[in-house]
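Colleague: output the structure for:
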Amino acid sequence: MNIFVFDIETIPDTTSGQQLLGMENLSEESTANAMMSLAKESTGQAFVKHHLQKIVAISVVFRSDKGLRVWSLGERSSTEAELIQRFFAGIDKYKPTLVSWNGGQFDLPVLHYRALYHGVIAPKYWETGENDPSFKWNNYLSRYHARHLDLMDTLAGYNQKSFAKLEDIAVMLGLPGKMGMSGNLVLENYLQGKIDDIRHYCETDVLNTYLIYLRFQLMRGIISPDQYNYEIELTKSTLRDQPLKHLQEFLEAWEANSDRMSTFLA
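Modeller: Coordinates of the predicted model:
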């Protein structure tokens, strides 16, 4: 059992933006703002297209037979290419089930474009049965295969009109939800050099996603109520054993909400 819950944080790729949009003389901040302004003029939203996103953090909850771990890939000084290479190297090594919230619509397409940009090799992720027949009917690329579970997409019945925000579902279930930051503040924090804050924020997002995933597995009958409660307690004990402020704050906020994730079934 290898469960790999992931989330990415991004900013506009100002290097490509300067090249493609003729902004060579602008600063990084001015270029990013101009890119978002152009996107808003075009679509009504300040959302830069996927191929013009730059990854600044990838955070993971990894559940294996050896236990549970929460961390961000690489170091605060790691390049984007290093973060992406680590992500796909983990898939090649462990062949995990990927779990995300909106990963099919955002995180994975961004990772695809940025891996292409940096020349990152990821044979197992792109496998569809040519070299490993077991991937023909169960791979990472098909929307309806099991190697990647996009919780948002699945819970919405693949209907965009039914999509929900991670924050809303997390809070509805008694989880902390967003802590310390939100996606629209990532660029501001990046420009201020607050990479650790971005990584910590991303880690709390994957914790929310993992705990929703456990509830989903319970609902599906994949795990029993006893197994579910065991996984909840394992998550809490893992957080207690990590003397990191943001993880302790997540645990405290979670427990302060009367822990509906475990008492709901009592």
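Colleague: just give me how far the helix ranked longest in the chain sits from the chain centre.
Modeller: The longest helix of the chain (DSSP state H) is helix 195-220. Offset of helix 195-220 from its chain centre (C-alpha atoms, centre = their mean, to the nearest Å): 8 Å.
Colleague: looking only at pLDDT, what's the mean for that helix?
Modeller: Per-region confidence: helix 195-220 scores 97 on mean pLDDT.
Colleague: which other helices and strands contact the helix or strand just after it?
Modeller: Following helix 195-220 in sequence order, the next helix or strand is helix 225-240 (DSSP states H and E). In terms of contacts (3 or more C-beta pairs under 8 Å, 6 or more residues apart in numbering; DSSP states H and E), helix 225-240 is packed against strand 67-72, helix 195-220, helix 245-256, helix 260-263. Placement of C-beta: from N, CA and C, glycine included.
Colleague: point out the most buried one among the ones you listed.
Modeller: helix 195-220 (a mean of 21; mean count of other C-beta atoms under 10 Å).
Colleague: report how many residues lie close to Ser27.
Modeller: Ser27: 11 surrounding residues under other C-beta atoms under 10 Å.
Colleague: hmm, I was thinking of Gln242
Modeller: Neighbourhood size, Gln242 [other C-beta under 10 Å]: 13.
Colleague: pLDDT below threshold where in the chain?
Modeller: Counting by pLDDT under 70, the chain contains low-confidence residues at 258-266.
Colleague: can you give me the strands for it?
Modeller: Using DSSP state E, the strands of the chain run over 3-12, 53-64, 67-72, 97-100, 148-150.
Colleague: of all these, which one is nearest Trp137?
Modeller: Closest to Trp137 of these, according to C-beta to C-beta: strand 148-150, at 14.0 Å.
Colleague: okay, now the residue nearest to Tyr113 when sequence neighbours are not counted: neighbour count?
Modeller: Leaving aside its sequence neighbours, Tyr113 sits nearest to His51 (C-beta to C-beta, 6 or more residues apart in numbering; 4.2 Å). The local packing of His51 (other C-beta under 10 Å) involves 15 other residues.
Colleague: His51 and Leu111 touch, don't they?
Modeller: No - with contacts counted by C-beta atoms under 8 Å, His51 stays clear of Leu111, the gap being 11.3 Å.
Colleague: give me every residue that touches the closest residue to Gln242 other than its chain neighbours.
Modeller: Sequence neighbours aside, Val70 is the residue nearest to Gln242 in space, at 7.2 Å (criterion: C-beta to C-beta, 6+ apart). Applying C-beta atoms under 8 Å, 6 or more residues apart in numbering to Val70 gives the contacts 59-62, 203, 206-207, 238-239, 242, 247.
Colleague: same question for Phe216.
Modeller: Phe216 neighbours (C-beta under 8 Å, 6+ apart): 151, 154-155.
Colleague: quick one: which of these sit in helices?
Modeller: Per DSSP H, the contacts of Phe216 map to helices at 151, 154-155.
Colleague: distance check, the nearest residue to His246 once chain neighbours are set aside against Lys236.
Modeller: Leaving out its chain neighbours, the residue that sits closest to His246 by C-beta to C-beta, 6+ apart is His200, at 4.0 Å. Distance, His200 to Lys236, by C-beta to C-beta, to the nearest Å: 18 Å.
Colleague: can you check Gly90 too?
Modeller: Counting by C-beta to C-beta, the gap from Gly90 to Lys236 is 25 Å.
Colleague: check Val56 too.
Modeller: 29 Å.
Colleague: over to Ile195?
Modeller: Here Ile195 is placed at a distance of 28 Å from Lys236 (C-beta to C-beta).
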